[in-house]
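Visitor: structure, please.
(one chain, ligands or ions: 1)
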Amino acid sequence: MSETFVQMTDVGKTIKGQIIVNQLNLKIPRGQVVALLGGNGAGKSTILRMLAGIIQPTRGDIRVGDWSWKENRRGYAELIGYMPDDYRFSPGLTARETMAFWAKLKGLTAKHGDDMLARVGLEHTGNKTVSSFSKGMRQRVLFAQVLLGQSPLIIMDEPTNGMDPYWMQSFVEMVREAAYRGQTVLFSTHQLHIAEALADRILFLKEGAIRFEGSGEDIRQQLGSSGMEKAFDYLFGIADGPR
Ligand SMILES: Nc1ncnc2c1ncn2[C@@H]1O[C@H](COP(=O)(O)OP(=O)(O)OP(=O)(O)O)[C@@H](O)[C@H]1O
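Guide: The predicted structure is shown next:
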């Protein structure tokens, strides 16, 4: 797991004069699962959106595989599956129609869409409109979408938001399988146990910068059994930081 697949070099994002992301440097090897943690407004979604090519950095460079977005937008986009944190589904479309649409965009058949819907346990509700689904069910549709086409890089913004414990566990297993197949995964979460269960590497963000990082094991070794909570307390300024 040594080949760098994602590289962010001196990446910054300023919006309306406010620095949102500050000189971010990050290398992610192929097949690594990385969790982004941080309080509200820490910059997680902004970083994920820049990586997904939805917004552009104000400065610095982002490369995924052989491409940067500036050099080859199409080549770059083809490497990426993105699960946004808020997605407005087309009101009249069923889950199957929605998946068929996304499958077509990726050059796949409607059958691929159906198969993926079954993987997230929604085969029996596929003919209902997605707008009638609960939050957790909508998240599972979005997760099915991100798994379509086995993109080399999967980017997910708070993917387990609203998922019940059973589907959180299934989510963890499916993401692990994806990483085992060599897909690289970057996701944000507020759920410390999901980050610990899933990520090879956890990045703690504050004010658009990485303040602390390591594996779940590293964090426990440095900070004891409640290491994740301690690191989080540090982020919120409640305790002294990890040294
Ligand atoms: N388009 C925008 N216009 C103005 N400010 C923005 C814009 N996008 C992001 N911001 C600001 O950037 C900061 C980081 O936002 P971001 O959504 O990246 O945080 P986050 O870590 O994902 O937060 P949360 O955990 O609440 O989802 C916030 O202060 C936010 O208000």
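Visitor: and for the longest helix along the chain, what are the contacting residues?
Guide: Counting residues, the longest helix in the chain under DSSP state H turns out to be helix 165-180. The contact list for helix 165-180 (C-beta atoms under 8 Å, 6 or more residues apart in numbering) reads 31-33, 119-121, 136, 140, 143, 147, 150, 154, 159-160, 163, 185, 187, 191, 194, 197-198, 200. The way it works is simple: take the backbone N, C-alpha and C, and place the C-beta from them, glycine included.
Visitor: and that helix, what's buried?
Guide: Trp167, Met168, Ser170, Phe171, Val172, Met174, Val175, Ala178, Ala179 (16 or more other C-beta atoms under 10 Å).
Visitor: quick check: next helix or strand after that helix?
Guide: Following helix 165-180 in sequence order, the next helix or strand is strand 184-188 (DSSP states H and E).
Visitor: and the angle for that next one with helix 165-180?
Guide: In terms of direction (axes from the mean of the first three to the mean of the last three C-alpha atoms, to 10 degrees), strand 184-188 departs from helix 165-180 by 140 degrees.
Visitor: the next helix or strand after strand 184-188 and the ligand in contact?
Guide: Toward the C-terminus, strand 184-188 is succeeded by helix 192-198 as the next helix or strand (DSSP H and E). No: taking C-beta under 6 Å from any ligand atom as the criterion, helix 192-198 and the ligand are apart, separated by no less than 13.2 Å.
Visitor: what's the ChimeraX syntax to select whichever of the contacts of helix 165-180 are buried?
Guide: Those of the contacts of helix 165-180 that count as buried under 16+ other C-beta under 10 Å are selected in ChimeraX with:
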select :31,32,33,120,140,143,147,154,159,160,163,185,187,191,194,197,198,200
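Visitor: among the contacts of helix 165-180, name the ones in helices.
Guide: Members of the contacts of helix 165-180 lying in helices (criterion: DSSP H): Arg119, Gly136, Arg140, Phe143, Leu147, Ile194, Ala197, Leu198.
Visitor: now do the contacts for the fifth one.
Guide: For Leu147, the residues meeting the contact criterion (C-beta under 8 Å, 6+ apart) are Gly81, Met116, Arg119, Ile154, Met174, Ala178.
Visitor: filter the residues you listed by proximity to the ligand?
Guide: Within the contacts of Leu147, nothing lies near the ligand by C-beta under 6 Å from any ligand atom.
Visitor: turn these into TSV, columns for pLDDT.
Guide: Converted to TSV, the contacts of Leu147 look like this (pLDDT from 0 to 100):
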residue	pLDDT
Gly81	95
Met116	96
Arg119	96
Ile154	98
Met174	97
Ala178	96
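Visitor: closest to the ligand among these?
Guide: Ile154 (17.4 Å; C-beta to the nearest ligand atom).
Visitor: quick one: that closest one and Leu186 touch, right?
Guide: Yes: contact criterion C-beta atoms under 8 Å: Ile154 and Leu186 qualify, at 7.3 Å.
Visitor: re earlier: next one: the longest helix of the chain to chain centre, how far?
Guide: Remark: helix 165-180 is offset 13 Å from the chain centroid, using C-alpha atoms, centre = their mean, to the nearest Å.
Visitor: so where's this structure uncertain?
Guide: Residues of the chain meeting the criterion pLDDT under 70: 1-2, 234-243.
Visitor: what segments of it are strands?
Guide: Ranges of strands within the chain are 4-15, 18-29, 33-38, 59-64, 67-68, 80-83, 153-157, 184-188, 201-206, 209-214, based on DSSP state E.
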